[in-house]
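J.: Okay, here's the prediction I keep looking at, along with the sequence it came from:
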Amino acid sequence: MEIKLVPDKLRRQEIPGRIEIVSGHGRLPLLKITTPWSAGEIYLHGAHVTGFQKNGEPPLIFLSAKSHFAAGKAIRGGVPICFPWFGNRDSEPSHGFARAAEWQLVNTHAAPDGTVTVTLAMPPIPGREVWNDIRTEFTVTVADTLTMELVATNDSGGKTVTIENCLHTYFYVGDIGSVTLTGLEKAPFDDFAFVAGGAPRPASEASLRVTQETNRVYPNHTAPVEIHDKKIKRIIRVEKSGSQSTVVWNPWTTQKMPEDWDATGHLNMVCVESGNVKQNQILLRPGETTALKVVLGSGPLT
């Protein structure tokens, strides 16, 4: 149940008819966005996009019905921000600490045509002094498409850092059995589904069908990917820039998942993730900036 109970400093960022800020699940601040073409939702917790839906279409984004909405815990589904690393690290949060941080709302803007743009910033985090000189902002633009841009700048006086970034997007599909992914043909990949550390696999000429646990990292892949969903007769197009890696993931029923995952969730989702991970990690020198941008669109499948 949503309760309109938010600090005045957040209320001042509301835009009538375009952005409303409420207490969402777990009483976490939630931005509800309305445009002439679509609706979107963003939690300040993790700068987490949890919803995008074009008028007259099913949701574009999948969210686990069992997701936690609590301080210190990542939201399951939507678009988690994996930063400043991807995957597991000893005694560290999986996929980095950005997705469980409390981001700050920097700016909201509504253009005359109805397009809405929101910018959030990751504040300094206690105990993360090594990373607090990396100025990190996330800008989301909601229109007939969903555009997300993660920008990191090394403001340190002289240290070079190695980072990974990824927008871990969960897409909603009508039935995973009726889904085909295109744009990955002729691209070799590393298979992490059943081999610890990954196993190199050769490129395939065929479009990808997800019929089992799938955890693939396509290095040096910059091309768009399309999700063809025959069940709901929709094509989702994922376009990106500043991204050298594409990740495709579905846990199926074989990957051990935490309690915030529904046992049948794999039937209605597929992750197509854009970023720079593994061998495509980024060396960010003092004064340098890196920008990862993803544009999500959809149209009818004829």
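T.: Alright, I've got the coordinates. As the structure is a prediction and not an experimental result, all values here were calculated from the model. Numbering: from 1, shown residues only.
J.: other SSEs contacting the helix or strand containing V294?
T.: Under the criterion of DSSP states H and E, V294 resides in strand 289-300. If you count contacts as 3 or more C-beta pairs under 8 Å, 6 or more residues apart in numbering; DSSP states H and E, strand 289-300 packs onto strand 146-154, strand 165-167, strand 234-241, strand 269-276. C-beta coordinates here come from the backbone N, C-alpha and C atoms, glycine included.
J.: from the chain's centre, how far out does that strand sit?
T.: A distance of 10 Å separates the centroid of the chain from that of strand 289-300, by C-alpha atoms, centre = their mean, to the nearest Å.
J.: Spell out, range by range, the helices that occur in this structure.
T.: Under the criterion DSSP state H, helices of the chain are mapped to 8-11.
J.: Would you point out which residue is most central in it?
T.: By C-alpha atoms, centre = their mean, the chain has its centre lying nearest to V79, at 2.7 Å.
J.: so how far is D260 from that residue?
T.: 16 Å (C-beta to C-beta, to the nearest Å).
J.: re earlier: where's the residue nearest to the centre of the chain relative to C271, distance?
T.: For V79 relative to C271 (C-beta to C-beta), the value is 10 Å.
J.: Now the common contact residues for the two.
T.: H168, T169, Y170 (C-beta atoms under 8 Å, 6 or more residues apart in numbering).
J.: What's the PyMOL line that selects buried ones from those?
T.: Here is the PyMOL command that selects the buried residues among the shared contacts of V79 and C271 (16 or more other C-beta atoms under 10 Å):
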select buried, resi 168+169+170
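J.: want to throw the shared contacts of V79 and C271 into TSV with distance to V277 and pLDDT?
T.: Formatted as TSV, the shared contacts of V79 and C271 follow (distance: C-beta to C-beta, whole Å; pLDDT from 0 to 100):
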residue	distance to V277	pLDDT
H168	10	98
T169	14	98
Y170	17	98
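J.: how about the shared contacts of V79 and C271 in TSV, adding distance to I21?
T.: Below are the shared contacts of V79 and C271 laid out as TSV (distance: C-beta to C-beta, whole Å):
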residue	distance to I21
H168	24
T169	23
Y170	24
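J.: picking up where we left off before, could you redo the helices and strands packed on strand 289-300 as CSV and give each row distance to P224 and mean neighbour count?
T.: Shown next, in CSV, are the helices and strands packed on strand 289-300 (distance: least, C-beta to C-beta, whole Å; neighbours: other C-beta atoms under 10 Å):
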stretch, distance to P224, mean neighbour count
strand 146-154, 14, 21
strand 165-167, 14, 28
strand 234-241, 5, 19
strand 269-276, 10, 24
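J.: For my notes, please list those in JSON lines and give mean pLDDT for each entry.
T.: Formatted as JSON lines, those follow (pLDDT from 0 to 100):
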{"stretch": "strand 146-154", "mean pLDDT": "98"}
{"stretch": "strand 165-167", "mean pLDDT": "98"}
{"stretch": "strand 234-241", "mean pLDDT": "98"}
{"stretch": "strand 269-276", "mean pLDDT": "98"}
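J.: Save those as CSV, and put in distance to E226 too.
T.: Listed next are the helices and strands packed on strand 289-300 as CSV, based on distance: least, C-beta to C-beta, whole Å:
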stretch, distance to E226
strand 146-154, 15
strand 165-167, 17
strand 234-241, 5
strand 269-276, 9
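J.: For V248, find the nearest of those strands.
T.: Among the helices and strands packed on strand 289-300, the nearest to V248 by C-beta to C-beta is strand 269-276 (5.9 Å).
J.: quick check: angle from that closest one to strand 289-300?
T.: 150 degrees (axes from the mean of the first three to the mean of the last three C-alpha atoms, to 10 degrees).
J.: quick one: contacts of strand 269-276?
T.: 62, 77, 82, 86, 163-173, 176, 179, 181, 210, 225, 227, 238, 240, 242-250, 282, 290, 292, 294.
J.: Pull out the buried members of those.
T.: Applying 16+ other C-beta under 10 Å to those flags 62, 77, 82, 86, 163-173, 176, 179, 181, 210, 225, 227, 238, 240, 242-250, 282, 290, 292, 294 as buried.
J.: I figured L10 was touching I21, is that so?
T.: Yes - assessed by C-beta atoms under 8 Å, L10 is found in contact with I21 at 5.0 Å.
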